[in-house]
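1. no sequence on this one, just coordinates:
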């Protein structure tokens, strides 16, 4: 079992930055693809970014060039650096871990999820 806990969410203005962290416990994340998803109330949870075991990142088009995902397996941690934030980035952000993930944007591919952290961007 892997327990995931997100932190770093909050309120900031458009154009600002936030850094989200996801801390894992229970098992090393070194064998897992780690990803971030986000969800707005009433909408589907959507893929934001992923990082493979060998640190290859993948981003949704909507965040490419603004967000950076990274991982530190020695600390069992994944981070999402978010810059040039927009009001449409407002959502609850979730960390996810999966092994053998074939379709990285599909929620069903992931085995473990955190509880989420709220990110609110004001205009």
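-> Alright, I've got the coordinates. No experiment lies behind these values; they were computed from the predicted model shown.
2. which residue packs closest to the residue most central in space within the chain, ignoring adjacent ones?
-> Here the mean C-alpha position of the chain is nearest to the C-alpha of residue 36 (Cα atoms, centre = their mean), at a distance of 2.1 Å. Excluding the flanking residues, the one nearest residue 36 by Cβ to Cβ, 6 or more residues apart in numbering is residue 48, at 4.3 Å. In short, each C-beta sits where N, CA and C put it, glycine included.
3. can you tell me the helix or strand for residue 97?
-> For residue 97, the element it lies in under DSSP states H and E is strand 91-98.
4. Go ahead and confirm residue 52 touches residue 33.
-> Yes. Counting by Cβ atoms under 8 Å, residue 52 sits close enough to residue 33 to count as a contact (5.5 Å).
5. So between the two, which is more surrounded?
-> For residue 52 against residue 33, the residue with the higher neighbour count under other Cβ atoms under 10 Å is residue 33, and the figures read 22 against 15.
6. Identify the residues contacting the more buried one.
-> Each residue near residue 33 by Cβ atoms under 8 Å, 6 or more residues apart in numbering is listed here: 50-53, 97-99, 101, 104.
7. of those residues, buried ones?
-> Buried residues within these, defined by neighbour count using 16 or more other Cβ atoms under 10 Å: 50-51, 97-98, 101, 104.
8. Which secondary structure state does residue 108 sit in?
-> Three-state call for residue 108 (DSSP: H, G, I helix; E, B strand; the rest coil): helix.
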